[in-house]
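Q: Build the 3D model from these lines:
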Amino acid sequence: MTTTASPAAPAPTPRTVLVTGGSRGIGRGIAERMAASGHRVAATYRSGGVPEGVLGVQADVTDGEQVEAAFARVEAELGPVEVLVANAGITRDTLLMRMTDEDWDAVLATNLTGAFRLARRAARPMVRARFGRLVFISSVVGQLGSAGQVNYAASKSGLVGLARSVARELGSRGITANVVAPGFVETDMTAELGEETVQKYAAQIPLGRLGAVDDVAAAVEFLASDAAGYVTGALLPVDGGLGMGH
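A: You can find the predicted model right below:
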């Protein structure tokens, strides 16, 4: 009996990718994975640095002029941005009755308004090229809610409405817009929680463990790929089942 070997998967088309918040954690992991796959990758940061082989661009997504300057530099050095990963985010956690207007405004300005500003700027060349991938990094908290995170949950939930509206507006131009919603992921921040707290979180997760940064990066890589050309307006949970049904 003879068998026929399956055809090899085609190599990914190299794209120009911009990842915001690429100095640490999930953003850094996404930048590393995309660069390792042969893409031309730039990453913004406010402090620290970016992975080797990635073009580092210092920028604050709450500042429109800095966003414009970041895109201009990436376009000059790597070409028009074909894949945008809006990952930059902050937290200012406290209970509702203690949350100040500044706590609210700062988180919404970075996590939601920053993503809007990035998508608006990225869309112009994507429309001309009739191709684009917009990927917004949300959180399971955006669907489940979380005590002490009214501002963060609202900002991350808002990304879903943003992405789906953009998907409807720009789909006819070959542009997709999707959301990845990580759950509890092993990063520098979760490492500071302590083993007992981590185990408590893990017990709530059907897969029984925290996620790895590369779990999220792999989902982003798929949504950015040619293989995901018919996927838009989707919310892709990467949370071990924690938020299923939402």
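Q: right, and the helix or strand after the worst-scoring helix or strand of the chain on mean pLDDT?
A: Using mean pLDDT, DSSP states H and E, helix 188-191 stands out as the lowest-scoring helix or strand of the chain, at a mean of 70. Using DSSP states H and E, the helix or strand that follows helix 188-191 in sequence is helix 195-203.
Q: Toward the C-terminus, what is the element adjacent to that following helix?
A: Next along from helix 195-203, by DSSP H and E: helix 213-223.
Q: Show me where the chain dips below the pLDDT cut-off.
A: For the chain, applying pLDDT under 70 flags the ranges 1-10, 189, 191-193.
Q: how about a cut-off of 80?
A: Filtered on pLDDT under 80, the chain yields the residue ranges 1-12, 188-198, 245-246.
Q: can you give me the helices for it?
A: With helices called from DSSP state H, the chain shows them at 25-36, 64-77, 101-108, 114-129, 141-144, 150-170, 188-191, 195-203, 213-223.
Q: Extract the C-alpha trace of the fifth one and format it as CSV.
A: Spelled out, it's helix 141-144. Provided in CSV are the C-alpha atoms of helix 141-144 (Å, rounded to 0.1, in the frame of the first residue of the first chain):
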residue,chain,number,x,y,z
VAL,A,141,-12.1,40.4,32.3
GLY,A,142,-13.9,42.3,29.5
GLN,A,143,-16.5,39.5,29.4
LEU,A,144,-16.6,38.4,33.0
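Q: Who are the packing partners of that helix?
A: Counting contacts by 3 or more C-beta pairs under 8 Å, 6 or more residues apart in numbering; DSSP states H and E, helix 141-144 is packed against helix 150-170. In short, each C-beta sits where N, CA and C put it, glycine included.
Q: Could you single out the most deeply buried of the helices of the chain?
A: helix 25-36 (a mean of 24; mean count of other C-beta atoms under 10 Å).
Q: between that one and helix 213-223, how big is the angle?
A: 50 degrees (axes from the mean of the first three to the mean of the last three C-alpha atoms, to 10 degrees).
Q: Now helix 25-36 - C-alpha only, CSV.
A: C-alpha atoms of helix 25-36 as CSV (Å, rounded to 0.1, in the frame of the first residue of the first chain):
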residue,chain,number,x,y,z
GLY,A,25,4.8,40.4,28.6
ILE,A,26,2.3,39.5,25.9
GLY,A,27,3.3,42.3,23.6
ARG,A,28,6.9,41.2,23.6
GLY,A,29,6.0,37.6,23.0
ILE,A,30,3.8,38.5,20.0
ALA,A,31,6.7,40.6,18.5
GLU,A,32,9.2,37.8,19.0
ARG,A,33,6.9,35.2,17.5
MET,A,34,6.0,37.3,14.5
ALA,A,35,9.7,38.2,13.9
ALA,A,36,10.6,34.5,14.1
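Q: Packing partners of that helix?
A: Using 3+ C-beta pairs under 8 Å, 6+ apart, helix 25-36 is in contact with strand 16-19, strand 40-45, strand 83-86, helix 213-223.
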